[in-house]
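>>> Build me a model from this:
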Amino acid sequence: MSKISGAQILIKSLEAQGVDVVFGIPGGTIMPAYDPLLESSIRHILCRHEQGAGHAASGYAWVTGRAGVCFATSGPGATNLVTALADAKMDSVPMVAITGQVPTPVVGNDAFQEADTTGVTMPVTKHNMLVTDVKDLAETIKEAFVIAETGRPGPVLVDIPQDVQIDTTEFHWPDQVDLPGYRPTTKGNLRQVREAVKMIMAAKRPVLYVGGGVIKSNASAELFELATEGHLPVVTTLMARGAFPDSHELCLGMPGMHGNYTAVTAMQKADLLIALGSRFDDRVTGKLTAFAPHAKIIHADIDPAEIGKNRKVDVPIVGEARDVIAKMTTELRSAQADKGVPDRSAWLKQLADWQRQYPLTYDQQMDGPIKQQYVVERMHEATKGDAIVVSGVGQHQMWAAGHWKYEKPRTWVNSGGLGTMGYAVPAAMGAKVAAPDKRVIAFDGDGCFQMTAQELATMTVNNIPVIIAILNNAYLGMVRQWQELFFDERYSQVYLTYDVPDYVMLAEAYGAIGLRAEAPEEVDAVIDKALSVEDRTVVIDFRCDQREMVFPMVPSGSSNDDIILGPGQEAPRTDPSAAPLA
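Numbers count the residues shown, from 1 in each chain. I've put the predicted structure just below:
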């Protein structure tokens, strides 16, 4: 077998792994890897910023379930990836980042464009490796994908010095790799599952608390079977929107700080929470000591470190959601065949009553300013919900999560755990590359959009058409909301203006189409125009209400019992120490 360079081995390894696209930017130390790309079947998409490349890889991974791949050079190229890596780590997104490094003889000498990439990224990756011998390169790439895509998914970084890319050796792609110490538990313990089913059979007010792990393990079909078999109501967290269809009568929608009243209160009043691939994060629980005070907890998760981390668990189950849920359904079906389906009609009626009494509401006056919720709902109506929806972070994210109806998994892409402004534009690009035949719509804020708007150039040059709907309220909207509610309306450094930049002109400068709506009666026509364009990206500047706020809302650090419904609505107050519902 003839010898080839490390750069050629890298590209051949990616090809052997089945990689079809890489997002990246070349530079000095990664340049050798770019040369064999010219003969490769792998599509390279030249981004305009490394953070954009990382988020694009994330969007690709969200939609496909496979690891997204990005390239960057050493030093500032690698450090520009840190935000995207941290974002993927928090949201358990499989990614493989390949970075160049200065030649091994000068590592540690403060060489030009040197940074301790593995040291910098260690806290924000699932794993990272520095390759110092070209003979180890193919196996390291294989290991990177195994680690990124198995167990709890996450980002893996491979740092390759320039001389390792130039050195030569024979290429051998391993069929499998041995990773001592890495043995994720994927099969749920049947004994624990049976204990969980006993608790489900005894519960009067159960709730399936569904997190992003259900989507990561492709367990939506299994979840549907479990919920319908047991007549179990379902809440889907921000990370799990689409895991269970919003149109189903058992779906309560999204819980959390900006979740709807029924989802939030159902968890508070439950006597059993069946947590599946969720992590009891602070945005869902509110004040942890006051969260679901009467509920026993079943917690199933692929990551044993999450179980019991924030909330004491009665039945822990370590395993992949798909396996655990399927076993639960089998055991529950057997138990119900023997003892009958528990009568939970009173609980289900209470939930239905709450849904009728306390829906998500807003007041769109046709002679007033455009409400952001109205834009989301009109876009949903125009597309019949047949789209992949991407969002940035902030108010627009909450409106897109709550006012769009999600029926299928992997149709909602967002930055949940890290809350990364600037995520939407590049992630939408990655989502469209992953699903070129699907409509991709990004709801963004004017603050978020300006952080990564340069990727419009990438979309134009590479013919990646998406629709970007900017819910432009001229403010850093979520910060403004908090300043209004909790800082006595002292608005400090949040005003952005409507007109700088002019988003229509900016879009056109990047080769996209720019549209604008300034009044409610213009919304439908602008949406129709945007949907008629299929050959390029469309940016819509929706001039929205500056004062509109996201409700419901649970103030930070407060109990979920203190949920604020919004102007003109009053949530029923209950004594947290009172006896639970019958």
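>>> Looks to me like E225 is in a helix.
Yes. Under DSSP: H, G, I helix; E, B strand; the rest coil, E225 sits within a helix.
>>> these two touch, right, it and T329?
Yes. E225 is in contact with T329 according to CB atoms under 8 Å; the separation is 5.1 Å. No exception for glycine: its C-beta is placed from N, CA and C like everyone else's.
>>> if you count what's nearby, which of the two comes out ahead?
T329 (21 against 18; other CB atoms under 10 Å).
>>> Identify the residue spatially nearest to the more buried one, adjacent ones excluded.
Spatial nearest neighbour of T329, excluding adjacent residues (CB to CB, 6 or more residues apart in numbering): L226 at 4.5 Å.
>>> what's the burial count for the one you found?
By other CB under 10 Å, the residues close to L226 number 26.
>>> any idea how far it is from E508?
Separation of L226 from E508 (CB to CB, to the nearest Å): 50 Å.
>>> for D91, same thing?
Using CB to CB, we find D91 at a distance of 33 Å from E508.
>>> Contact partners for the residue nearest to T329?
By CB atoms under 8 Å, 6 or more residues apart in numbering, the residues touching L226 are L208, L232, I325, M328, T329, L332.
>>> quick one: which of those sit in helices?
Among those, DSSP state H puts I325, M328, T329, L332 in helices.
>>> so which of these is the most crowded?
The most crowded member of those, judged by other CB under 10 Å, is I325 (30 neighbours).
>>> that older thread, redo the contacts of L226 as TSV? Include distance to G277 and pLDDT.
Output for the contacts of L226, formatted as TSV (distance: CB to CB, whole Å; pLDDT from 0 to 100):
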residue	distance to G277	pLDDT
L208	11	98
L232	15	98
I325	9	98
M328	13	98
T329	15	98
L332	18	98
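>>> follow-up on the earlier one: dump the ones in helices among the contacts of L226 into TSV; add distance to Y362 as well.
As requested, these are exported to TSV (distance: CB to CB, whole Å):
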residue	distance to Y362
I325	35
M328	38
T329	38
L332	39
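>>> what ranges do the strands span in the stretch 251-400 of the chain?
If DSSP state E, counting those that start in this stretch is used as the criterion, the strands of the stretch 251-400 of the chain fall at 251-253, 272-276, 296-301, 315-318, 388-391.
>>> what ranges of the protein fall below the confidence cut-off?
For the chain, the stretches with pLDDT under 70 are 1, 574-579, 582.
>>> middle-most residue in it, spatially?
Most central in the chain under CA atoms, centre = their mean is N414, positioned 4.0 Å from the mean C-alpha point.
>>> Spit out the contact partners of that one.
L238, V390, S391, G392, V393, Q397, A400, A401, Y423, A424, A427.
>>> so how far is I9 from it?
Taking CB to CB, one finds N414 at 36 Å from I9.
>>> A243: which element?
Using DSSP states H and E, A243 sits in no helix or strand.
>>> tell me the helices in the stretch 451-582 of the chain, going along the chain?
For the stretch 451-582 of the chain, the helices defined by DSSP state H, counting those that start in this stretch cover 455-461, 477-486, 503-509, 520-531.
>>> and the longest one, what does it pack onto?
This points to helix 520-531. In terms of contacts (3 or more CB pairs under 8 Å, 6 or more residues apart in numbering; DSSP states H and E), helix 520-531 is packed against helix 372-383, strand 467-472, strand 513-517, strand 538-543.
>>> Minimum distance to A203: which of the ones you listed has it?
Proximity to A203 (CB to CB) singles out helix 372-383 among these, at 34.0 Å.
>>> Tell me the helices and strands packed up against the closest one.
Applying 3+ CB pairs under 8 Å, 6+ apart, we find helix 372-383 packed against helix 395-403, strand 440-445, strand 467-472, helix 520-531.
>>> The longest one: which residues count as buried?
Buried positions in helix 520-531, judged by neighbour count with 16 or more other CB atoms under 10 Å: P520, V523, V526, I527, A530, L531.
>>> Same question for the second one.
Applying a neighbour-count criterion of 16+ other CB under 10 Å, the buried positions in strand 440-445 are V440, I441, A442, F443, D444, G445.
>>> now the third one
Within strand 467-472, the residues that count as buried by 16+ other CB under 10 Å are I467, I468, A469, I470, L471, N472.
>>> Among those residues, which one lies nearest to P103?
Closest approach to P103 among the buried residues of strand 467-472 (CB to CB): I468, at 41.2 Å.
>>> which residues pair with that closest one across the strands?
A442, V539 (DSSP bridges).
>>> Any figure for the gap between it and Y498?
17 Å.
>>> give the contact list for G308.
The contact partners of G308, by CB under 8 Å, 6+ apart, come to H299, P316.
>>> would you put the C-alpha positions of the helix or strand encompassing I9 in PDB?
Using DSSP H and E, I9 falls within helix 6-17. The C-alpha coordinates for helix 6-17 follow below in PDB (Å, rounded to 0.1, in the frame of the first residue of the first chain):
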ATOM      1  CA  GLY A   6      -2.000  13.100   6.700                       C
ATOM      2  CA  ALA A   7      -4.200  15.600   4.900                       C
ATOM      3  CA  GLN A   8      -5.200  13.000   2.400                       C
ATOM      4  CA  ILE A   9      -5.800  10.500   5.300                       C
ATOM      5  CA  LEU A  10      -8.100  13.000   7.000                       C
ATOM      6  CA  ILE A  11     -10.200  13.500   3.900                       C
ATOM      7  CA  LYS A  12     -10.300   9.800   3.100                       C
ATOM      8  CA  SER A  13     -11.300   9.200   6.700                       C
ATOM      9  CA  LEU A  14     -14.200  11.600   6.500                       C
ATOM     10  CA  GLU A  15     -15.300  10.000   3.200                       C
ATOM     11  CA  ALA A  16     -15.200   6.500   4.800                       C
ATOM     12  CA  GLN A  17     -17.300   7.900   7.700                       C
END
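>>> Give me the distance from it to the chain's centre.
Centroid separation for helix 6-17 versus its chain: 29 Å, with CA atoms, centre = their mean, to the nearest Å.
>>> contact partners of that helix?
Residues outside helix 6-17 that contact it (CB under 8 Å, 6+ apart): 4, 22, 32-33, 35-37, 40-42, 69, 98, 131, 134, 137-138, 141-142, 145, 160, 164-169, 171, 173.
>>> Alpha carbons of the helix or strand immediately after it in the chain, as CSV, please.
Reading on from helix 6-17 to the C-terminus, the next helix or strand found by DSSP H and E is strand 21-24. Output of strand 21-24 as CSV, limited to C-alpha atoms (Å, rounded to 0.1, in the frame of the first residue of the first chain):
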residue,chain,number,x,y,z
VAL,A,21,-20.5,18.2,3.8
VAL,A,22,-18.0,20.3,5.7
PHE,A,23,-18.5,23.9,6.9
GLY,A,24,-15.3,25.9,7.3
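>>> Output the contacting helices and strands for strand 21-24.
Contacts defined by 3+ CB pairs under 8 Å, 6+ apart place strand 21-24 against strand 43-46, helix 50-64, strand 68-72.
>>> Can you check which of the ones you listed gets nearest to D282?
helix 50-64 (22.4 Å).
>>> what angle separates that closest one from strand 68-72?
Calculated by axes from the mean of the first three to the mean of the last three CA atoms, to 10 degrees, helix 50-64 forms an angle of 170 degrees with strand 68-72.
>>> Now render the buried residues of strand 440-445 as TSV, adding distance to R536.
TSV is the format used below for these (distance: CB to CB, whole Å):
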residue	distance to R536
V440	13
I441	15
A442	14
F443	19
D444	17
G445	22
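>>> got a list of what P161 touches?
Contact analysis of P161 by CB under 8 Å, 6+ apart lists T29, G100, Q101, V102, P103, T104, V107, L130, V131, T132.
>>> Sitting in strands, which of those residues do you find?
Among the contacts of P161, the ones falling in strands (DSSP state E) are G100, Q101, L130.
>>> most surrounded residue in these?
Neighbour tally across the ones in strands among the contacts of P161 (other CB under 10 Å): the maximum, 31 neighbours, falls on Q101.
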